[in-house]
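Undergrad: this is the structure alone, sequence omitted:
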């Protein structure tokens, strides 16, 4: 006759409970862990996008700390981030503090941290209701090869001493100002900041070409270290009207006071002889819509990106092209 020991039938319960806990732990590890990896990858995309956008915005000439941080936040949020933090770093990776609401002058890169908290599935049973995914990315400007030619230029030009004096964000320099040309022995009355980008092959001195190239950009290529003939005559109103149309159709942005601004790419010269200028480099000039008239066009040079590289215009640092690189 079979004997049944009292309590024997309950010995399997702890084993079942232990097995269920192990099973839940495995499910939490597989499912919540997998979701955590997915969320981490998502945050890396958010941090990368934010760092690239912030670094590019700085290179384009923006200097306001609030604008840079809002740009990073916007791009991070579009990629799923809940919270975003941004830090400015110097060449050695040391964190910098913004001064008077501006990006630190010696900023070499920006570091963005993107983060989001998400609910768990099985880990909640084990007391872990949420998990946090976080990732960092650094956007850095580095030197690139010198640009030897450019397409899409406006038929305007300024001497290199003008560019060097008008690179700061609060500068307001008149592109028609003859004082900069006087340093090269050019009389004020003889100075015109217009050039025939077609080198005389397309009647560059015509009103139609001056207007069209100002509004849409010269379709041909202009090479560095070449000589380009200047254009004489009064075309201020043609340039002003074309700039207004250009900025209306393709605005670069809107300043805090509500004024629309745009940019034009122009030649910077370092030599003048026989009515021609010597192409030293190319620059991007930012102009506010309200600063354009037939006799004056005020603005300043900014850094910018084209074809995978950009131009840095800060004389105390590097004045050639730059590229933006991403790092963790």
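TA: Noted; the coordinates are in hand. On a predicted model such as this, the values are computed, not experimentally measured, just so you know.
Undergrad: which residues in the stretch 51-200 of the chain form strands?
TA: Assigned by DSSP state E, counting those that start in this stretch, the stretch 51-200 of the chain shows strands spanning 83-89, 95-96, 109-119, 130-143, 149-151, 157-159, 173-174.
Undergrad: next one: the longest one to chain centre, how far?
TA: This points to strand 130-143. Put simply, strand 130-143 sits 17 Å off its chain's centre (Cα atoms, centre = their mean, to the nearest Å).
Undergrad: and for the first one?
TA: On the basis of Cα atoms, centre = their mean, strand 83-89 sits 16 Å off its chain's mean C-alpha point.
Undergrad: quick one: residues contacting the nearest residue to residue 248 once chain neighbours are set aside.
TA: The shortest distance from residue 248 to any non-neighbouring residue, by Cβ to Cβ, 6 or more residues apart in numbering, is to residue 260 (7.5 Å). The C-beta positions use only the backbone N, C-alpha and C, and glycine is treated the same way. By Cβ atoms under 8 Å, 6 or more residues apart in numbering, residue 260 lies in contact with 247-248, 251, 253-254, 288-289.
Undergrad: ok, residue 295 next?
TA: Residue 295 neighbours (Cβ under 8 Å, 6+ apart): 176, 236.
Undergrad: that one and residue 115, how far apart?
TA: Distance, residue 295 to residue 115, by Cβ to Cβ, to the nearest Å: 53 Å.
Undergrad: any idea how far residue 247 lies from residue 64?
TA: Going from residue 247 to residue 64 by Cβ to Cβ gives 20 Å.
Undergrad: more neighbours: which of the two?
TA: With neighbours defined as other Cβ atoms under 10 Å, residue 247 and residue 64 compare such that residue 247 has more, 20 against 16.
Undergrad: surely that one meets residue 259?
TA: No. With contact defined as Cβ atoms under 8 Å, residue 247 does not reach residue 259; the gap is 10.2 Å.
Undergrad: worst-scoring helix or strand of the chain, pLDDT-wise?
TA: strand 309-311 (a mean of 35; mean pLDDT, DSSP states H and E).
Undergrad: give me the number of residues near residue 221?
TA: Considering only other Cβ under 10 Å, residue 221 is surrounded by 12 other residues.
Undergrad: what's opposite it in the beta bridge?
TA: residue 151 (DSSP bridges).
Undergrad: how about residue 271: what's its closest non-neighbour residue?
TA: Per Cβ to Cβ, 6+ apart, closest to residue 271 is residue 278, 3.3 Å.
Undergrad: got it, and residue 225?
TA: Nearest to residue 225 is residue 279, by Cβ to Cβ, 6+ apart, at 6.3 Å.
Undergrad: surely that neighbour is within a strand?
TA: Yes. Per DSSP: H, G, I helix; E, B strand; the rest coil, residue 279 lies within a strand segment.
Undergrad: and it, how far is that from residue 201?
TA: Distance from residue 279 to residue 201, by Cβ to Cβ: 17 Å.
Undergrad: now the top helix by length along the chain against strand 130-143, angle please.
TA: Criterion DSSP state H: the longest helix present in the chain is helix 33-59. Counting by axes from the mean of the first three to the mean of the last three Cα atoms, to 10 degrees, helix 33-59 lies at 30 degrees to strand 130-143.
Undergrad: related to what we said a few turns ago, deepest of the strands of the stretch 51-200 of the chain, which one?
TA: Highest mean neighbour count of the strands of the stretch 51-200 of the chain: strand 157-159, a mean of 24 (counted as mean count of other Cβ atoms under 10 Å).
Undergrad: and it, which strands flank it?
TA: strand 260-273 (parallel).
Undergrad: in the strand it pairs with, which residues are buried?
TA: Residues 261-269, 272 are the ones in strand 260-273 that count as buried (16 or more other Cβ atoms under 10 Å).
Undergrad: mean confidence for that strand?
TA: On average, the pLDDT along strand 260-273 is 91.
Undergrad: quick one: distance of that strand to the chain centre.
TA: Using Cα atoms, centre = their mean, the offset of strand 260-273 from its chain centre is 20 Å.
Undergrad: do the same with stretch 220-227
TA: Taking mean C-alpha positions (Cα atoms, centre = their mean), stretch 220-227 and its chain are 26 Å apart.
Undergrad: repeat that for stretch 213-220.
TA: With Cα atoms, centre = their mean, you get 23 Å for stretch 213-220.
Undergrad: okay, which residue is most central for this structure?
TA: Residue closest to the average C-alpha location in the chain (Cα atoms, centre = their mean): residue 56, at 2.0 Å.
Undergrad: show me where pLDDT drops low in the protein?
TA: 1-33, 60-61, 121-127, 141-147, 168-169, 202-205, 303-328 (pLDDT under 70).
Undergrad: how does it divide up, domain by domain?
TA: 10-139, 149-307 (automatic domain parsing).
Undergrad: what about residue 279 and residue 201, which has more around it?
TA: Taking neighbours as other Cβ under 10 Å, residue 279 and residue 201 compare with residue 279 leading, 24 against 9.
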